[in-house]
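*Asks:* heads up, no residue letters with this:
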């Protein structure tokens, strides 16, 4: 899982109303697991207080908009760095359906 994901429209923080029941809705900046163990959409403030971090099994930063088309040279550089670090699974995930052979 990447540290970020793209969404088409904003979502509200699930936990902010607990902290500020009379306050306005706040847009979420993360989809993350909390220290309590459940997953939630979290704003910056709630992520700082209740989030456990970013990455696989932890959470992702939400980016509103369309994911940019990948740059093949950048992808090649990233895959080589992942392979050098021994992160074969992440390299395969980044290569996608095209497979690692295209980038080696």
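*Replies:* Right, received. Where do you want to start? It should be emphasised that the depicted structure is a prediction, and the values quoted were computed from it without experimental measurement.
*Asks:* show me where pLDDT drops low in the protein?
*Replies:* Where the chain drops to pLDDT under 70, the residues are 1.
*Asks:* those strands in it, which residues are they?
*Replies:* When secondary structure is read from DSSP state E, the chain shows strands at 4-7, 30-33, 39-42, 59-64.
*Asks:* could these go into a markdown table alongside distance to residue 89 and mean neighbour count?
*Replies:* In short, each C-beta sits where N, CA and C put it, glycine included. Output for the strands of the chain, formatted as a markdown table (distance: least, C-beta to C-beta, whole Å; neighbours: other C-beta atoms under 10 Å):
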| stretch | distance to residue 89 | mean neighbour count |
| --- | --- | --- |
| strand 4-7 | 18 | 14 |
| strand 30-33 | 20 | 21 |
| strand 39-42 | 22 | 20 |
| strand 59-64 | 17 | 17 |
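*Asks:* and of these, who's closest to residue 77?
*Replies:* Residue 77 sits nearest to strand 4-7 of all the strands of the chain, at 18.1 Å, using C-beta to C-beta.
*Asks:* re earlier: looking at the strands of the chain, which is nearest to residue 97?
*Replies:* If you check each of those against residue 97 by C-beta to C-beta, strand 4-7 wins as the nearest, at 18.6 Å.
*Asks:* Mind listing residues that contact the closest one?
*Replies:* Residues outside strand 4-7 that contact it (C-beta atoms under 8 Å, 6 or more residues apart in numbering): 31, 54, 60-67.
*Asks:* All the helices of this protein, residue numbers only.
*Replies:* 16-19, 44-50, 72-84, 88-95 (DSSP state H).
*Asks:* care to break this protein down by domain?
*Replies:* Here the domain parsing of the chain from automatic domain parsing is 4-64, 72-103.
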